[in-house]
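Novice: Attaching a predicted model along with its sequence, questions to come.
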Amino acid sequence: MILASCSTSPGNGASSTGTPKAGTAATAVPEPTSTPLAGAGGAAALQNAYVAVVQHVLPSVVQIETSQGLGSGIVYDTSGDIVTNNHVVEGATTFKVTASTGHQYTGSLVGSFPADDLAVIRVSGASLTSASFGDSAKLLVGDIVMAIGNPLGLQSSVTAGIVSATGRTVSESNGVVLPDTIQTSAEINPGNSGGALVDLAGEVVGIPTLAATDQQLGGAAPGIGFAIPSNIVTSIAGQLIKSGHVTHSGRAYLGVRIALTFGGNGALISSVDSGSPAARAGLHAGDTITAVNGKATSSPEAVTEALAGLAPGNVAKVTAVGQDGSHRTVSVTLGELPA
């Protein structure tokens, strides 16, 4: 199973960590003693809640069009700032932004942070309704959520599901690793990227970014999508709006450029950033990283995934093989990923 970014342009394939093991026996679940929304009255209340959320959030979700394709965005503030996925706007400098009312505007890039697949664009002189962002740290597995966006160019489309899991780490084929994503059963389709994942309070709790695809089925794996948590979104977007770049990424930084070795036996260091944690620890270009904290790293993606689970200031044990065939393990105090 791989993952695909959800803009209508050709997406990035990816692989996900934490895939459930096949054949695991299901745990028996006792019958509930009560069903708070059981019966016609409860169903009507839930339906009304869905409708109210959609009516509240739709004015804050826009369609973003570039020469590469279509995606979605969320109005972040009353100044016309719109947050979206970096892969939606990457490579473009101007954007056609269509509001839920059908009004169209021209947007310009404020800044982007590819490491978290986030970007902010700005529409000047538009009267747009900003969204309310919730605390993604409070999400629980089983919470009802809705994905609102523009899949396949179908503006203002809504799908619903639940939070299937939290804390997922997913990798894109371009080497970008997204830690701590929200897995949801709400359908995430091409064009949903950059849109809103909202709870029943009408607050944005995430940005839909990736959907799983099954190579054996030749298409999407229904009900497996991933969203960037709102707490990451607000942190990165706020910094981009303030200064045009990210000053505090919160992401661990080793300071190497890596390439795949033949046979998938590790990650070859092609260069080491001057003054970086890797340089201070004695790693060199030509070394091959074979493990991080005892976990084998057979590819560049594996190294990136290992770092994604760590924080600035953490000490990582990096095992490397030198060009002379010697093996060594060094302790690296990780820095913070620069903008």
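Specialist: Ah, there it is.
Novice: can we go C-alpha only for contacts and neighbour counts from here?
Specialist: Noted.
Novice: quick one: contacts of stretch 264-276?
Specialist: Residues outside stretch 264-276 that contact it (C-alpha atoms under 8 Å, 6 or more residues apart in numbering): 254-261, 278-279, 283-291, 297-300, 303, 335.
Novice: Which positions within that stretch qualify as buried?
Specialist: If you call a residue buried by 16 or more other C-alpha atoms under 10 Å, then stretch 264-276 has these buried ones: G266, A267, L268, I269, S271, V272, S276.
Novice: And for stretch 94-101, what's in contact with it?
Specialist: By C-alpha under 8 Å, 6+ apart, stretch 94-101 touches 58-66, 89, 104-109, 123, 128, 155-156.
Novice: Could I get the buried residue list for stretch 129-140?
Specialist: Within stretch 129-140, the residues scored as buried using 16+ other C-alpha under 10 Å are T129, S130, A131, S132, F133, G134, S136, L139.
Novice: Am I right that S67 is in contact with A92?
Specialist: Yes. If you go by C-alpha atoms under 8 Å, S67 and A92 touch, sitting 7.5 Å apart.
Novice: can you pull out the helices in the stretch 201-339 of the chain?
Specialist: 230-243, 277-281, 300-308 (DSSP state H, counting those that start in this stretch).
Novice: JSON lines for the ones you listed, including distance to N150 and mean neighbour count?
Specialist: Converted to JSON lines, the helices of the stretch 201-339 of the chain look like this (distance: least, C-alpha to C-alpha, whole Å; neighbours: other C-alpha atoms under 10 Å):
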{"stretch": "helix 230-243", "distance to N150": "19", "mean neighbour count": "19"}
{"stretch": "helix 277-281", "distance to N150": "42", "mean neighbour count": "19"}
{"stretch": "helix 300-308", "distance to N150": "30", "mean neighbour count": "22"}
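Novice: Can you show me the strands along the stretch 151-300 of the chain?
Specialist: Per DSSP state E, counting those that start in this stretch, the stretch 151-300 of the chain carries strands over the ranges 157-172, 177-184, 196-199, 204-214, 219-229, 252-253, 256-260, 267-272, 288-292, 295-296.
Novice: strand partners of the second one, parallel vs antiparallel please.
Specialist: Read it as strand 177-184. When pairs are called by DSSP bridges, strand 177-184 turns out to pair with strand 157-172 (antiparallel), strand 219-229 (antiparallel).
Novice: Which of those strands sits closest to A320?
Specialist: Closest approach to A320 among those is made by strand 157-172 (22.6 Å; C-alpha to C-alpha).
Novice: For the closest one, buried residues please.
Specialist: Within strand 157-172, the residues that count as buried by 16+ other C-alpha under 10 Å are 158, 160-166, 168-172.
Novice: just the residues you listed: which has the poorest pLDDT?
Specialist: Among those, E172 has the lowest pLDDT, at 66.
Novice: I appreciate the help and will end here.
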